[in-house]
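Novice: how would this look folded up:
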Amino acid sequence: MDERVHALVGYGYHGKNERIQDLMCQSCGKKFTVRRDTVLYRLKSHSDKVAQSLALLAEGMDVSALERVTGIREGTLRTWLTRAGLHAEKLHTRLFQELIYEHIQLDELWANFDPHG
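Specialist: Now for the predicted structure:
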């Protein structure tokens, strides 16, 4: 139980529409959900429904058409899309800044990149 090491253990479940696992840190005793810091955090909608809707939007399906097909309100779909975009921006900022690229692939196009020359 070293204070510098935060080991997470299962701490039950919550949710009405699906089981969402809760975790607890053995070191500090803090409790939280596995959805923390994700697009799904504090959403009551089923994760499969959110994922499918976002995938269809990413494929180019119109929001109003998706509303007609799924019965999910347009405002809800736009909220999910905004949350997903903000989350993607945070991930991009955290994981993809200051990378050194030796090769870049754009669709089927390959190009060599020399950052020093």
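Novice: check which helices and strands the top helix by length along the chain is in contact with.
Specialist: Counting residues, the longest helix found in the chain (DSSP state H) is helix 74-95. On a contact count with 3 or more C-beta pairs under 8 Å, 6 or more residues apart in numbering; DSSP states H and E, helix 74-95 meets helix 47-58, helix 63-70. (C-beta placed from N, C-alpha, C; glycine too.)
Novice: what's the angle from the longest one to helix 74-95?
Specialist: The one in question is helix 47-58. Orientation check (axes from the mean of the first three to the mean of the last three C-alpha atoms, to 10 degrees): helix 47-58 against helix 74-95 gives 80 degrees.
Novice: now the angle between helix 63-70 and helix 47-58, please.
Specialist: Inter-element angle recorded for helix 47-58 and helix 63-70: 140 degrees (by the same axes, to 10 degrees).
Novice: touching helix 47-58 from outside, list them.
Specialist: 18, 39, 40, 43, 63, 66, 70, 72, 77, 80, 81, 84 (C-beta atoms under 8 Å, 6 or more residues apart in numbering).
Novice: roughly how far is the longest helix of the chain from the heart of the chain?
Specialist: 8 Å (C-alpha atoms, centre = their mean, to the nearest Å).
Novice: again with stretch 9-23
Specialist: On C-alpha atoms, centre = their mean, the centre of stretch 9-23 falls 18 Å from that of its chain.
Novice: separation between residue 43 and residue 25?
Specialist: Note on residue 43: its distance to residue 25, by C-beta to C-beta, to the nearest Å, is 23 Å.
Novice: what of residue 17?
Specialist: With C-beta to C-beta as the criterion, residue 17 and residue 25 are 26 Å apart.
Novice: these two: who's more crowded?
Specialist: residue 25 (15 against 11; other C-beta atoms under 10 Å).
Novice: and the pLDDT at that one?
Specialist: Per-residue pLDDT puts residue 25 at 88.
Novice: contacting residues around it?
Specialist: Taking C-beta under 8 Å, 6+ apart, one finds 6, 7, 8, 31 in contact with residue 25.
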